[in-house]
Every structure is written in structure tokens, then in C-alpha cells.
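Undergrad: next come a sequence and a model predicted from it.
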Amino acid sequence: MNLASTISRLFPPLTVTENKPLAGCTTFALGGPCPLLIEGSGAEELPGLIKLLNRHNMPFLVIGQGSNLIVSDAGLGKAVIRFCSDSPKIEVQENRVGVSGNTLIDDLARFTTEHGTGDLSFCSGIPGTVGGAVTGNAGALGRQIGDHLVSATLLSPSGDTRTVKCNDLEFAYRHSKLKESDEILLAATFELPTESKAVMQAERERIMQFRKEHHPDWHTTPCAGSVFRNIEPTSAVERRKAAGWFLEEAGAQTLQVGGARIYEKHANIIVADCECTAQNVYDLTERMIAAVKEKFGFTLVREVRFLGNF
Ligand SMILES: Cc1cc2nc3c(=O)[nH]c(=O)nc-3n(C[C@H](O)[C@H](O)[C@H](O)COP(=O)(O)OP(=O)(O)OC[C@H]3O[C@@H](n4cnc5c(N)ncnc54)[C@H](O)[C@@H]3O)c2cc1C
């Protein structure tokens, strides 16, 4: 019995597909195949599944909604576990909110607004899962998810679980320790600032409207949000400077490679037209980096994660 059949037999809730293109698992709708795509996993199946993959010497990667990823056209030589669910798993414990790592972050933002369990409105409309958001310390409007995390349940690459506190995750701008440790976030508990339902609802609606007007809708215009990290301030009193501003000043807005082009309303977002390849996107980022380097003398750092060979 091959590995795909063994997984299906031992974990009936999971769907396993061999040689599946990953384009359908990313908001950029790009990317070649992986040997095994495993979908439908809840936090309950993951420890056993990972131990099984290890026993079969099958390398693996856990992804969420694929909204911060660009997978190479040649694909990946590892199993991909898609830990993403549109059925939110959220529990309120007094002033805290516990959530499964595969819950969509916008579902959590909507839930906390509707139930008045604390203000997470800044996450409204951010694509992706709680796991992806904590891993990359997702944020907007000067706030970031790591500021509100109390504890997290992690699964090691060898399949062992442990609970850690916020400080253990070493949050920084768009960074957590999970980016280096390859641990998987199974669940997280947040404590959110108190705010009235009416204020949170109004703020959520304002943010959703702003995103609609200024950002592409990835369902119809494939993309992965901001491509480059914003620029470190040079002194403690300054704020981070938008990478998009430097790109505009460097005249990068008109750059295009194949089907990859820069979104007309936001110079730090690449969108994919028909016939776009992952390599087109990578090559366009190289040209954007070169344009800013020539004009300003520094090198932009990619925020999106490129996986595989480019
Ligand atoms: C239109 C658009 C707007 C966006 N706006 C914002 C924004 O305002 N602010 C912002 O910060 N980001 C934004 N993003 C980027 C993206 O939504 C976030 O980075 C998001 O948190 C990624 O979550 P994901 O589940 O899609 O992660 P993925 O893209 O699937 O994965 C990203 C990384 O996290 C890892 N990962 C995923 N799940 C887990 C887990 N459970 N445990 C451990 N590691 C995991 C993956 O291995 C990968 O390395 C935007 C993207 C788009 C397309």
C-alpha cells in the first residue's frame, strides 16, 4: 500500500492527492505540483500524520491559505499539508479567546467583533489562517497579531506538542520564531483590548471598505499582498517607511515581466495576469529591487515567501 492510501486509511477525514499542482492552494494561483497534497486536517490529526510522514521519510511543509507564498513552477519535492478551514473553531474563556490554527484570521476578527470579546478589527480582511498570521506576525494599521497572543500550542517537526507563552515566539515586525523553528501552530489563545461592539463594527466596516478600494481582491486578481517588507526606521522616533513609496519614487510602477505586473493602486503589490508564471513574479521582484537600489542605494527585502527553485 502506498503512502497516500495509508494516510487515507488511517486518517479518514483527510483528502490526499498525488502530484497535485499547488496553484489551487495559493492566492497567487501559481505553482507546480507536490508529491502529496493533504487537505482537511484539523489539529487532532496533525501529530499522528506528521509522525507517519517521518516514518516514511517524506519531507513535508504545512501551509495555511497560501496568501503569503509563491510556489515555483516546478513545484516542491515534499508533501504539503493544507491546514486551513472555513469552519471557525473558536472558544471564549472569560476575557480570552482560544482558536484553532487553521481558522481564517478574518473569521476570528468577525467573531470577536460580533461577540464583543475584544478588538481584533485591524485583522479585518487580511487573508490567511491564524497559523499563518502568527508565524508572520501579520498586522495592519500599526498593530500586529503577536501583541495580543497569550499562549500557543505548537507541534514540533518530529510530532511532539508543547504549549509556549508569547515571549517564547520572539515576535518582531512580520517575524516570529516559528519562521526558523518549523514548528506548527496548532492553536492559540489571545487576550484582546476591550472595546464596544459598535466601535469595533464601525472600524471593521471602514477597514473592509478601505481594502476594497485600495487592494486587489485575490479571488479575481491573484496576488499575495505586499511583496517587500517596509523599511526599518533610522531612529527610535521615526516610523517604518512604506516600501511602496520607494518603489513609486524609483519609477517601478510600470515594470512588467510576462504576466506579472504591479497593481496600479499599490506599488508594493504584484498581480498576476493570464499566462503569468511564478518565475515571472520572481523576475519582476528582481527588477523592483534593482530599481530601488539604483535610486536609493539600499536593497528591499522580500516579505512573501518564495518556495522551490527560482
Ligand atoms: C490581498 C492581500 C492582502 C494582505 N494584507 C495583509 C496585511 O494587511 N497584513 C499582513 O500582515 N499580511 C497581509 N497579507 C499577507 C497574508 O495574508 C498574511 O501573511 C497571512 O497571515 C498568511 O497566512 P496564510 O495562512 O495564508 O499563510 P501561508 O501563506 O499559507 O503560509 C505563510 C508561512 O506560514 C507558514 N504557516 C502557515 N500556517 C502555519 C501553521 N499553522 N503553523 C506554522 N507555520 C504555518 C507556512 O509554512 C509559510 O511559511 C495579504 C495578502 C493578500 C493576498
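TA: Here it is on my side, so go on.
Undergrad: which ones are touching V292?
TA: Counting by C-beta atoms under 8 Å, 6 or more residues apart in numbering, V292 touches A243, F246, L247, A250, A252, F298, T299, L300. Using the backbone N, CA and C atoms, a C-beta is placed for each residue, glycine as well.
Undergrad: for the stretch 201-310 of the chain, what spans make up the helices?
TA: 243-249, 278-296 (DSSP state H, counting those that start in this stretch).
Undergrad: let's have the ones you listed in a markdown table, adding mean pLDDT and distance to the ligand.
TA: Listed next are the helices of the stretch 201-310 of the chain as a markdown table, based on pLDDT from 0 to 100; distance: least, C-beta to the nearest ligand atom, whole Å:
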| stretch | mean pLDDT | distance to the ligand |
| --- | --- | --- |
| helix 243-249 | 95 | 12 |
| helix 278-296 | 97 | 13 |
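Undergrad: reformat those helices into a markdown table and put distance to G32 next to each item.
TA: Output for those, formatted as a markdown table (distance: least, C-beta to C-beta, whole Å):
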| stretch | distance to G32 |
| --- | --- |
| helix 243-249 | 28 |
| helix 278-296 | 8 |
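Undergrad: figure out which of the ones you listed is closest to P13.
TA: P13 lies closest, by C-beta to C-beta, to one member of the helices of the stretch 201-310 of the chain: helix 278-296, at 30.5 Å.
Undergrad: I'd like the C-alpha coordinates of the closest one written as CSV, please.
TA: Output of helix 278-296 as CSV, limited to C-alpha atoms (Å, rounded to 0.1, in the frame of the first residue of the first chain):
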residue,chain,number,x,y,z
ALA,A,278,5.8,32.1,-10.7
GLN,A,279,9.2,32.8,-12.4
ASN,A,280,7.6,35.9,-13.9
VAL,A,281,6.8,37.1,-10.4
TYR,A,282,10.3,36.3,-9.1
ASP,A,283,11.9,38.1,-12.0
LEU,A,284,9.7,41.1,-11.5
THR,A,285,10.8,41.3,-7.8
GLU,A,286,14.4,41.3,-9.0
ARG,A,287,13.7,44.3,-11.3
MET,A,288,11.9,46.1,-8.5
ILE,A,289,14.8,45.5,-6.1
ALA,A,290,17.3,46.8,-8.8
ALA,A,291,15.2,50.0,-9.4
VAL,A,292,15.2,50.9,-5.7
LYS,A,293,18.8,50.0,-5.3
GLU,A,294,19.8,52.3,-8.2
LYS,A,295,17.7,55.2,-7.0
PHE,A,296,18.2,54.9,-3.2
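Undergrad: how far does that helix sit from the chain's center?
TA: 22 Å (C-alpha atoms, centre = their mean, to the nearest Å).
Undergrad: in it, which residues are buried?
TA: A278, Q279, N280, V281, Y282, D283, L284, T285, M288, I289, A291, V292 (16 or more other C-beta atoms under 10 Å).
Undergrad: what of stretch 156-167?
TA: G159, V164, C166.
Undergrad: try stretch 4-16
TA: In stretch 4-16, counting by 16+ other C-beta under 10 Å, buried: A4, I7, F11, L14, V16.
Undergrad: and the second one, how far is that from D182?
TA: Right, the one you point to is I7. 20 Å (C-beta to C-beta, to the nearest Å).
Undergrad: cool, the third one as well?
TA: With distances taken as C-beta to C-beta, F11 is found 21 Å from D182.
Undergrad: repeat for the fourth one
TA: When C-beta to C-beta is applied, the distance between L14 and D182 equals 21 Å.
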